[in-house]
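Visitor: Next one to model:
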Amino acid sequence: MNENQAKKLESMIKNKTNTKYIAVTSGKGGVGKSTISANLAYKLSKLGFKVGVFDADIGLANLDLIFGIKVDKNILHALKGEVNIDDVVYEIEQNLYLIPGDSGEEILKYANDNLNLIENFIQESTILDTLDFLIIDTGAGIGPLNQSTLQACEHIIVVTMPDPSAITDAYATIKLNAATKNQIFMIINMCKSQKEALAVFDRMENITKKHIPNLTLKYLGGLENNVAVNKATRNRALIAKVEPLNSVSIGIGDIAALLTHEITDMEHNMLLESKGFKSFFKRMLGYL
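Guide: Purely as a prediction, here's the structure:
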């Protein structure tokens, strides 16, 4: 990291304004979205930011396993009023927190039927509105819950891989979200080489420029296929933590640094309103 980058990072940390909400999504499952969400959050925390990860992948919520921690309550328990919101914000380590989701669809019933309860329980939090970043790990595809989450976030990262069906589904996700976003980030995962990753992104960018001229795609990086990633996941560990010198760990670190600069540059050019977790959650449910 050069001196100029380091100064920008330092400035961003010292002059915190609002939490940055970043949705990590994909057109289809199996592209490594959740693994990237967890490791990206870890790398951001190591840059000195206070980071939360919200597991919004309803039906397949599994970030607790990826982080290797045991949780006995999740956000559904808070929605039911059984615990307050901070009881389901788990500190993984310094500057890194997890808000676990629920693996069933009961959460949708509570989200739709208990808006006043939701407002009350979010108001109780003393942690969430102090975050620099909240990474939201969404489900795959273009279902209504995913779309409401993506619309509520300021920033979207689409993860795909060099597979024709994955690329097609990623483009569908990008096209759908172009209605509310003028910029979307991309990560190409599980590629054979950086050359292949760039080729996939270039193809996506050319198609987007032709058919969605109002949208800008931003390339965050490519992550090459690596057996160590699967091994770490099986062992319920973060690749970025247990193998920091692995090429994937280094790549995610580079993505984290680039992402912070891109977001800083974007937000210097727009008027920011105060947006805490309560505001984000209400926006998400409003879109739903």
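Visitor: Can you give me the pLDDT of E224?
Guide: As predicted, E224 sits at a pLDDT of 97.
Visitor: so what's it up against?
Guide: Going by CB atoms under 8 Å, 6 or more residues apart in numbering, E224 touches 190-194, 197, 247-248, 251. In short, each C-beta sits where N, CA and C put it, glycine included.
Visitor: and which of those residues is nearest to F67?
Guide: Here the nearest of those to F67, counting by CB to CB, is V248; it sits at 16.8 Å.
Visitor: Next one: that closest one relative to E91, how far apart?
Guide: 25 Å (CB to CB, to the nearest Å).
Visitor: neighbour count winner among the two?
Guide: Neighbour count, other CB atoms under 10 Å: between V248 and E91, V248 has more, with 23 against 12.
Visitor: Tell me where this structure has helices.
Guide: Here the chain has its helices, by DSSP state H, at 3-14, 33-46, 63-67, 75-79, 106-113, 115-123, 144-152, 164-177, 194-211, 227-234, 239-242, 247-268, 277-287.
Visitor: Extract the CA atoms of stretch 87-103 and return them as PDB.
Guide: C-alpha atoms of stretch 87-103 as PDB (Å, rounded to 0.1, in the frame of the first residue of the first chain):
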ATOM      1  CA  ASP A  87     -28.000 -10.000  22.200                       C
ATOM      2  CA  VAL A  88     -27.700 -11.300  18.600                       C
ATOM      3  CA  VAL A  89     -24.700  -9.200  17.700                       C
ATOM      4  CA  TYR A  90     -21.800 -11.600  18.300                       C
ATOM      5  CA  GLU A  91     -18.200 -10.300  18.700                       C
ATOM      6  CA  ILE A  92     -16.000 -12.600  16.700                       C
ATOM      7  CA  GLU A  93     -12.900 -10.600  17.600                       C
ATOM      8  CA  GLN A  94     -11.900  -7.000  18.000                       C
ATOM      9  CA  ASN A  95     -13.700  -4.800  15.400                       C
ATOM     10  CA  LEU A  96     -15.500  -7.700  13.900                       C
ATOM     11  CA  TYR A  97     -19.200  -8.700  14.600                       C
ATOM     12  CA  LEU A  98     -21.700 -11.100  13.200                       C
ATOM     13  CA  ILE A  99     -25.500 -10.700  13.100                       C
ATOM     14  CA  PRO A 100     -26.700 -14.300  12.300                       C
ATOM     15  CA  GLY A 101     -29.700 -14.800  10.100                       C
ATOM     16  CA  ASP A 102     -32.300 -17.600  10.300                       C
ATOM     17  CA  SER A 103     -32.400 -20.700   8.000                       C
END
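Visitor: So what touches that stretch?
Guide: Residues outside stretch 87-103 that contact it (CB under 8 Å, 6+ apart) are 41-42, 45, 48-64, 67, 69, 71, 73-78, 107, 125, 127-128, 131.
Visitor: Could you rerun that using 6 Å?
Guide: Stretch 87-103 has contacts (CB atoms under 6 Å, 6 or more residues apart in numbering) with 45, 50-56, 61, 63-64, 67, 71, 73-76, 78, 127.
Visitor: Lovely, talk soon.
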